[in-house]
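J.: Kindly return the folded structure for what I paste below:
(chains A and B)
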Protein chains: 2
Amino acid sequence: MNEFSFIEYLKKKIRSTGRVCVGIGDDAAVLSVDKEKRLVVSTDVIVENVDFKLKTMSPERIGRKALAVNLSDIAAMGAMPTAFVISIGKPAHITTSWLKRFYNGLLVLAKQYDIPCIGGDFSRSKEFFASITIFGEISPHQLVKRSGAKSGDWIAVTGSLGGSLLRHHYDFTPRIQEGSLLARCVAPSAMIDISDGLVQDLSHILEASKVGAALDLEKIPISLDAKKMCFGNKAKALSRALSDGEDFELLFTVSSQKKKILENVWKKKFPKVPLTWIGKIDGEKPMIHWRCHGKTTRAPRLSQKGFSHF
Amino acid sequence: MNEFSFIEYLKKKIRSTGRVCVGIGDDAAVLSVDKEKRLVVSTDVIVENVDFKLKTMSPERIGRKALAVNLSDIAAMGAMPTAFVISIGKPAHITTSWLKRFYNGLLVLAKQYDIPCIGGDFSRSKEFFASITIFGEISPHQLVKRSGAKSGDWIAVTGSLGGSLLRHHYDFTPRIQEGSLLARCVAPSAMIDISDGLVQDLSHILEASKVGAALDLEKIPISLDAKKMCFGNKAKALSRALSDGEDFELLFTVSSQKKKILENVWKKKFPKVPLTWIGKIDGEKPMIHWRCHGKTTRAPRLSQKGFSHF
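T.: Coordinates of the predicted model:
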């Protein structure tokens, strides 16, 4: 059993209640609070030598990233973050001055989004880990799940993709403002943040929505860092854009009617953030049909396949 | 800097907002949701070889305890639990069948309290850890903090204390029903769950409330397990009752007027759960004045002093 089959096992085993609007299996869980409000909850854990190395990453950057990945999950639901708690495993080789710098990085980002740290827990451990649970809020009709994509919807992505390893994975800006605007203005039929790579995360939308997709390879926005890492080799850079993890951009689907509305609003609100239409939802099988300049083409090579923690 | 001074450092550093009713430093944090509701949040992490040993404790018991300690924090606020999320660090030596048994123990307890697991995260790690964040709900006027104890209030404790290590630390019943009744019926002026030991946890109430206490040594309810562990040595058993950790009983203060009301309600509602009056709040210095049958006595020996994870 790998991580994903174990999660499927848990989904079947775990009972839900009427209060749970979204349970296990989306970017965040959603609980009903009252008629006008939903509580959005996401949790992410980072572990030394799995998600970062102490030797190559500063404590400030590790702290910033620990919170930023959680903010990205809140953004993917279209919600606004409100607060967070953090549990820390502290090994003997982590000093309190290192820990202070970790908190500095984390709290600078928390201040930017005006979200207080409201609690936490410490334990001894052999390796450093930090588990953050973040809360957000959204009104019921604005909530965006992974499961609503419909045939004919356009597929869009924010920013540019691939090569995150060079820099972007620790200095990215969580797309909170963008996700919230999308939820309020065009109610995307589905949305996810790209953490496992475009292809894998699009597959999550397709499986949850029980639809297929046609992607236009020439439209994929390749980041400068992906190109840099491939020394100008276009095929390799494209492969990175399609499958490198930790882009933390928003991938979403909207109906044809709303595409025009969104284009106009987006240019005014986020003139510096690229918004790219990369294909359409098509068919009922959760698979990707590849196109290049309108013609069917074979599936491109991917830089990596899914990662299981088990 | 030890764990507690680091938490003090963080409390000063971390900014709060108007939404935060209770921040770092109580059993749980409290966020304002709307006029009639408060969201209660607590987080606890357990780590292999710190909180349990794989060799001596079954996965079901470890899973049960991971959730039970969180429920105990919710009980200490007088709140009712609603849902939880869990992050897990899974080392290679933990099999998925062990993990299934861990979840079994955890989910049996979750079912008893009707609280769904709404999300989680997995990571590789060197040692097993589980970080649970639990949510609860309470109306604003019923919320019980650590900080409201007043001179003249009576001090009470549920159940009996000490010797938890023998059995109680993994099979205790979180005092959710009791905590909720207390909040609804007599609005304790302060409450905490005993996780660090009676003396240390009472000190947390005294410091938060800026008051002192007089404790009656002969009134302390000593558990059978504490007596068993001390082979009948009364002084040693008392010492355990005063300072052994992980009793997970409720320690609270109520005004004189409410003492009688509570005694009547308690007998009807919880005939099997002892409720013991162990002393009174007295003075303004956060210190304990020891008495035995009404006479001042010197401070008793404690089985252990505070534990710092740093």
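J.: what's the closest non-adjacent residue to A:D51?
T.: Once flanking residues are discounted, A:D51 sits nearest to B:S123: 7.2 Å by Cβ to Cβ, 6 or more residues apart in numbering or on different chains. From N, CA and C alone the C-beta is placed, and that goes for glycine too.
J.: Secondary structure element holding that neighbour?
T.: strand B:117-124 (DSSP states H and E).
J.: what's the spacing between that strand and its chain's center?
T.: In terms of Cα atoms, centre = their mean, to the nearest Å, the centre of strand B:117-124 is found 24 Å from the chain centre.
J.: picking up where we left off before, contacting residues for the residue nearest to A:D51?
T.: By Cβ atoms under 8 Å, 6 or more residues apart in numbering or on different chains, the contact set of B:S123 is A:45-47, A:50-51, A:129, A:309, B:87-90.
J.: hmm, 7 Å instead?
T.: B:S123 makes contact with A:45, A:47, A:50, A:309, B:89, according to Cβ atoms under 7 Å, 6 or more residues apart in numbering or on different chains.
J.: Between those residues, which sits nearest A:G119?
T.: Using Cβ to Cβ, A:V45 comes nearest to A:G119 of the contacts of B:S123, at 16.2 Å.
J.: Can you verify the closest one is assigned to a helix?
T.: No - assessed with DSSP: H, G, I helix; E, B strand; the rest coil, A:V45 is strand; it does not lie in a helix.
J.: returning to that earlier point: let me know the closest of the contacts of B:S123 to B:L182.
T.: Nearest member of the contacts of B:S123 to B:L182, counting by Cβ to Cβ, is A:V45, at 34.2 Å.
J.: circling back to that earlier point, make a ChimeraX selection of the buried ones in the contacts of B:S123.
T.: To isolate the buried members of the contacts of B:S123 in ChimeraX, using 16 or more other Cβ atoms under 10 Å in any protein chain shown:
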select /A:45,47,50,309 /B:89
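J.: Could I get the contacts of B:S123 in a markdown table, plus columns for pLDDT and distance to A:A226?
T.: Shown next, in a markdown table, are those (pLDDT from 0 to 100; distance: Cβ to Cβ, whole Å):
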| residue | pLDDT | distance to A:A226 |
| --- | --- | --- |
| A:V45 | 94 | 27 |
| A:V47 | 95 | 26 |
| A:V50 | 91 | 23 |
| A:H309 | 69 | 25 |
| B:G89 | 97 | 31 |
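J.: And the helices in the stretch 51-200 of chain A?
T.: Under the criterion DSSP state H, counting those that start in this stretch, the stretch 51-200 of chain A contains helices at A:59-76, A:96-112, A:168-171, A:176-185, A:198-209.
J.: List the contacts of the third one.
T.: Residues lying outside helix A:168-171 but in contact with it, judged by Cβ under 7 Å, 6+ apart, are A:57, A:61, A:64-65, A:225, A:246-247.
J.: redo that, cut-off 10 Å
T.: With Cβ atoms under 10 Å, 6 or more residues apart in numbering or on different chains as the test, helix A:168-171 has contacts from A:51-52, A:57-58, A:60-62, A:64-65, A:68-69, A:105, A:159-164, A:195, A:223-226, A:244-249.
J.: A:S223 - how many residues pack around it?
T.: 24 (other Cβ atoms under 10 Å in any protein chain shown).
J.: In terms of helices and strands, where is the closest residue to A:P188 other than its chain neighbours?
T.: What sits nearest to A:P188 in space, not counting adjacent residues and going by Cβ to Cβ, 6+ apart, is A:F252, at 4.0 Å. Using DSSP H and E, A:F252 sits in strand A:250-254.
J.: what lines up beside that strand in the sheet?
T.: strand A:154-158 (antiparallel), strand A:190-193 (antiparallel) (DSSP bridges).
J.: that older thread, could you give the mean pLDDT of the strand holding B:S123?
T.: For strand B:117-124, the per-residue pLDDT values average out at 93.
J.: dump the residue contacts of A:C185.
T.: A:142, A:254, A:258, A:261-262, A:264-266, A:269.
J.: gap between A:E218 and chain B?
T.: Separation of A:E218 from chain B (Cβ to the nearest Cβ, to the nearest Å): 36 Å.
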